[in-house]
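A.B. asks: Turn this into a structure:
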Amino acid sequence: MADASLEFRILEDPPGRLDKALSRDVPEAASLSRTRLARLMEEGAVRINGVVANNPKAKVDEGDLVEIVLAAASESHILPQEIALDVVYEDDALIVINKPAGMVVHPAPGTPDNTLVNALMHHCGASLSGVGGVARPGIVHRIDKDTSGLLVVAKSDVAHHGLAAQFEKHSVERHYRALVYGVPDASDPRLRGTKGVSFEPGGVMKIQTQLARHKHDRQRQAVFFEGGRHAVTRARVVEAYGRPESLALVDCWLETGRTHQIRVHMAHAGHGLVGDPVYGGRRKLSEKAFGAGVVAAVKGFERQALHAASLGFEHPVSGEILRFESRLPQDMLDVLTALSGE
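C.D. replies: Numbers count the residues shown, from 1 in each chain. Sure thing, here's the model as predicted:
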């Protein structure tokens with residue numbers, strides 16, 4: 001791909017700094033973030049009236065001609081790997097994947113390869129037009145390694161910025177199915193007394209807290225009520241199991257999307273996820289309530305029982321409303337079948 005050039009003029013009443021003026025006046029269709037514009041200035045790719053402008057604090061005037069040279073997307077350091085993918089939808093702008101449990105989304109220390117991004121680098125190939133100046137997939141949200149289900153990935157800067165804006169506005173629909181201990185109930189006095197937990201019409205449990213890294217275990221998230229990041233989860237019981245009922249399949253949906261949010265919030269409410277190795281998803285079940293076979297099946301579930309079941313958003317290019325659904329994976333279906341006695 002050849003380099004491209006973008007030209008536009010500074011509009012009336014410009015901000016007092018070049019970086020702010022560029023961010024305000026750069027054509028929206030170019031999808032250049034403040035971070036990308038700053039990097040382009042550092043690289044000498046921005047000219048004002050024909051002169052290289054690399055001082056973000058420089059003054060500009062109405063009518064100044066801005067030229068930005070956009071280099072062809074450079075190759076990513078991430079290795080393409082031929083790994084099978086369950087592609088739910090794909091076009092020139094984005095791709096929706098049904099991720100299996102056990103697959104890491106992005107390379108990181110300890111998992112440098114065999115990730116979803118490695119697989120996408122191979123699958124998408126030349127169709128990646130570049131995100132942030134690099135030919136790579138644009139990850140706008142993630143799901144944990146041992147969580148299965150749907151996620152959308154951008155293939156271009158335009159799609160990346162459009163999707164990121166929707167996630168920032170919390171307008172993306174994300175529903176998860178979780179198998180949890182206990183049965184959330186609005187009449188439960190324990191829940192009514194749990195800080196951050198309330199109930200809305202229709203038996204919907206709302207959990208609203210701050211989330212931040214655990215003070216003593218940096219691999220975990222923890223609930224706070226001062227500091228941290230605002231987080232809201234809603235949950236509704238789909239089906240309850242046991243006699244007496246002591247397990248539930250729950251529909252959880254996110255208003256915000258923080259790390260481990262559903263897992264932390266459900267544990268805070270006293271309804272930790274079955275199989276969750278981090279947030280206490282290992283509890284003893286009564287054989288009298290379920291039978292020995294079911295107890296063994298639940299005890300043997302080796303990951304958090306969480307699946308990203310539906311995903312809905314506005315296509316960042318066409319404006320079309322897209323919505324996708326993913327059936328529960330076989331391991332969760334097997335446990336639910338056992339619980340149902342089928």
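A.B. asks: ok, the residue most central in space within the chain - contacts?
C.D. replies: Centroid-nearest residue in the chain, with CA atoms, centre = their mean: His141, separated by 2.4 Å. Listed by CB atoms under 8 Å, 6 or more residues apart in numbering, the contact partners of His141 are Leu151, Val152, Phe167, Val172, Arg174, Gly257. Any C-beta I mention is one placed from the backbone N, CA and C, and that applies to glycine too.
A.B. asks: Could you check what's spatially nearest to the fifth one, not counting adjacent residues?
C.D. replies: What it means is Arg174. Excluding the flanking residues, the one nearest Arg174 by CB to CB, 6 or more residues apart in numbering is Leu254, at 4.8 Å.
A.B. asks: How much space separates the one you found from His141?
C.D. replies: 10 Å (CB to CB, to the nearest Å).
A.B. asks: Spit out the residues that contact these two alike.
C.D. replies: With contacts defined as CB under 8 Å, 6+ apart, the residues shared by Leu254 and His141 are Arg174.
A.B. asks: ok, back up a step: the residue nearest to the centre of the chain belongs to a helix, doesn't it?
C.D. replies: No: counting by DSSP: H, G, I helix; E, B strand; the rest coil, His141 is not found in a helix; it is coil.
A.B. asks: Tell me which helix or strand comes right after the helix or strand harbouring Leu151.
C.D. replies: Under the criterion of DSSP states H and E, Leu151 resides in strand 148-154. Going down the chain from strand 148-154, the next helix or strand is helix 157-168, by DSSP H and E.
A.B. asks: Now that following helix: buried residues?
C.D. replies: Asp157, Val158, Ala159, His160, His161, Gly162, Leu163, Ala164, Gln166, Phe167 (16 or more other CB atoms under 10 Å).
A.B. asks: Stretch 27-42 too?
C.D. replies: In stretch 27-42, counting by 16+ other CB under 10 Å, buried: Ala30, Ser31, Leu32, Arg36, Leu37, Ala38, Leu40, Met41.
A.B. asks: now the helices for the stretch 51-200 of the chain?
C.D. replies: Ranges of helices in the stretch 51-200 of the chain, per DSSP state H, counting those that start in this stretch, are 116-124, 157-168, 189-192.
A.B. asks: hmm, back to that, give me the angle between the strand holding Leu151 and helix 157-168.
C.D. replies: Relative orientation of strand 148-154 versus helix 157-168 (axes from the mean of the first three to the mean of the last three CA atoms, to 10 degrees): 130 degrees.
A.B. asks: now strand 148-154: how far from the chain's centre is it?
C.D. replies: 8 Å (CA atoms, centre = their mean, to the nearest Å).
A.B. asks: any chance of the buried residues of helix 157-168 in CSV, with distance to Ser310 and pLDDT too?
C.D. replies: Shown next, in CSV, are these (distance: CB to CB, whole Å; pLDDT from 0 to 100):
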residue, distance to Ser310, pLDDT
Asp157, 27, 80
Val158, 25, 83
Ala159, 20, 88
His160, 22, 86
His161, 24, 83
Gly162, 20, 89
Leu163, 16, 91
Ala164, 20, 88
Gln166, 15, 93
Phe167, 15, 91
